[in-house]
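**Q** What follows is a predicted structure for the sequence shown.
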Amino acid sequence: MISHLRRLLLIWFATLMLVGCSQPTPTPALPTASASAIASPTGTASPSGTATTVAAIPTHTPGASATASPTGTVSPAGTATVPAGWLKRETANLVIWLPANWEALEVTQTDAETLFGDFQKRNPDHAKVIGNAQALQGVSLWAFNTRSAEPGPWTGQGGLVDNLNIRRTPLGGQTPTVQSVLDAIVSQYRQLGFTVHQSAADLRIGGRPAGRIEYNFPVTAANGQQISAEGVQYLAISDTALWVLSFTAGPGQKAILASVFEASALSFQEKPNP
């Protein structure tokens with residue numbers, strides 16, 4: 001199992017370095033840390049700081065597109081809740097909820113070049129965050145906060161955009177523990193010059209064992225300036241795959257978006273195989 005985990009991590013960190021070359025905002029591929037994750041909130045703040053009510057996550061309807069969550073309902077015991085007005089995003093293998101102002105690229109096509117090209121035409125600024133079609137390798141979904149409000153040169157065209165990418169890596173019959181994956185990731189992050197603040201291996205996401213890592217990492221913006229981006233990664237281990245949800249925020253934004261990242265991560269569900 002150890003050797004298999006090591007091979008998986010080599011693949012993940014190779015992808016990490018590829019994404020790390022993107023401009024202006026690389027998002028780490030393997031590790032999970034982009035905002036703080038605590039217990040499932042009963043009331044979360046929106047990116048603008050206004051309070052929102054909480055509603056239950058509706059039952060997934062196959063083939064449904066993004067829809068707003070209902071209000072005034074109580075979630076079943078043991079399930080996560082999401083703020084009212086959030087939208088359901090889904091691909092062939094996952095369901096997750098995000099604020100309505102987050103644009104999502106649902107990676108459902110096998111032709112990454114075509115998918116990236118089409119997205120680049122529709123939203124060139126957000127395409128810069130991804131970097132290139134190769135960065136979509138292993139990605140199931142990439143989402144962007146359209147209300148990102150980083151100060152100074154990070155605002156607007158070419159600025160740093162709060163974002164999420166979700167990656168799935170098959171386990172090949174092995175099932176590593178959350179702690180073993182966290183230990184390997186934290187070690188590699190520190191070697192890469194990341195500042196790891198904390199990690200936790202006792203979470204549950206989508207009914208699966210899960211963990212979280214919070215860190216800062218250096219980013220070179222489009223104008224060549226260096227900043228320290230803030231990351232929170234959540235990982236969940238299913239029977240067949242490791243899921244890594246990587247949230248990245250601009251300087252000072254993690255504290256504002258922490259509850260958003262947490263509620264979104266806890267809403268994640270792996271779809272059963274068809």
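**A** Perfect, thanks for sending it. As the structure is a prediction and not an experimental result, all values here were calculated from the model.

**Q** contacts and neighbour counts: CA atoms only from here.
**A** Fine.

**Q** For residue 271, see how far away residue 162 is.
**A** With the distance defined as CA to CA, to the nearest Å, residue 162 ends up 26 Å from residue 271.

**Q** Give me the more crowded residue out of these two.
**A** Taking residue 162 and residue 271 together and counting by other CA atoms under 10 Å, residue 162 has the greater number of neighbours (29 against 15).

**Q** residue ranges of the helices in the stretch 101-250 of the chain, please?
**A** The residue ranges that make up the helices of the stretch 101-250 of the chain, judged by DSSP state H, counting those that start in this stretch, are 112-122, 124-130, 178-191.

**Q** count of neighbours near the closest residue to residue 227 other than its chain neighbours?
**A** Counting by CA to CA, 6 or more residues apart in numbering, the nearest residue to residue 227 once its immediate chain neighbours are dropped is residue 219, at 5.4 Å. As a burial measure, the neighbour count of residue 219 was computed by other CA under 10 Å and equals 23.

**Q** same check, this time on residue 140
**A** Residue 140: 21 surrounding residues under other CA under 10 Å.

**Q** List the residues that contact the closest residue to it other than its chain neighbours.
**A** With CA to CA, 6+ apart as the measure, residue 107 is the residue that lies nearest to residue 140, at 5.1 Å, once sequence neighbours are left out. With CA atoms under 8 Å, 6 or more residues apart in numbering as the criterion, the residues that contact residue 107 are 91, 115, 136, 139-142.

**Q** May I see those residues arranged in a markdown table, with pLDDT and distance to residue 196 as well?
**A** Formatted as a markdown table, the entries for the contacts of residue 107 read as follows, by pLDDT from 0 to 100; distance: CA to CA, whole Å:
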| residue | pLDDT | distance to residue 196 |
| --- | --- | --- |
| 91 | 88 | 31 |
| 115 | 71 | 33 |
| 136 | 68 | 25 |
| 139 | 80 | 24 |
| 140 | 82 | 25 |
| 141 | 86 | 25 |
| 142 | 84 | 23 |
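
**Q** Just the buried ones from those residues?
**A** Neighbour-count burial within the contacts of residue 107 applies to 91, 115, 136, 139-142; the criterion is 16 or more other CA atoms under 10 Å.

**Q** Among these, which are located in strands?
**A** For the buried ones among the contacts of residue 107, the ones inside strands are 139-142, with DSSP state E as the criterion.

**Q** right, and the residue nearest to residue 227 touches residue 228 too?
**A** Yes - checked against CA atoms under 8 Å, the pair residue 219 and residue 228 is within contact range at 6.0 Å.

**Q** Now do the shared contacts for these two.
**A** In terms of CA under 8 Å, 6+ apart, residue 219 and residue 228 are not both contacted by any residue.

**Q** Next, work out how far apart the residue nearest to residue 227 and residue 169 are.
**A** To residue 169, residue 219 is 25 Å away according to CA to CA.

**Q** Can I get the buried ones among the contacts of residue 107 in JSON lines including distance to residue 203?
**A** Supplementary listing: these in JSON lines, determined by distance: CA to CA, whole Å:
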{"residue": "91", "distance to residue 203": "24"}
{"residue": "115", "distance to residue 203": "33"}
{"residue": "136", "distance to residue 203": "27"}
{"residue": "139", "distance to residue 203": "22"}
{"residue": "140", "distance to residue 203": "22"}
{"residue": "141", "distance to residue 203": "22"}
{"residue": "142", "distance to residue 203": "23"}
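
**Q** Tell me how far residue 191 lies from residue 184.
**A** Taking CA to CA as the measure, residue 191 falls 11 Å from residue 184.

**Q** typed the wrong thing, it's residue 250
**A** Where residue 184 is concerned, residue 250 sits at a distance of 25 Å (CA to CA).

**Q** Next, the contact list for residue 172, please.
**A** Residues touching residue 172, when contacts are defined by CA under 8 Å, 6+ apart, comprise 240-241.

**Q** All the strands of the protein, in order from the start?
**A** Along the chain, the segments classed as strands by DSSP E run 54-56, 81-83, 87-90, 94-98, 102-106, 139-145, 163-170, 195-205, 208-220, 226-237, 241-249, 269-270.
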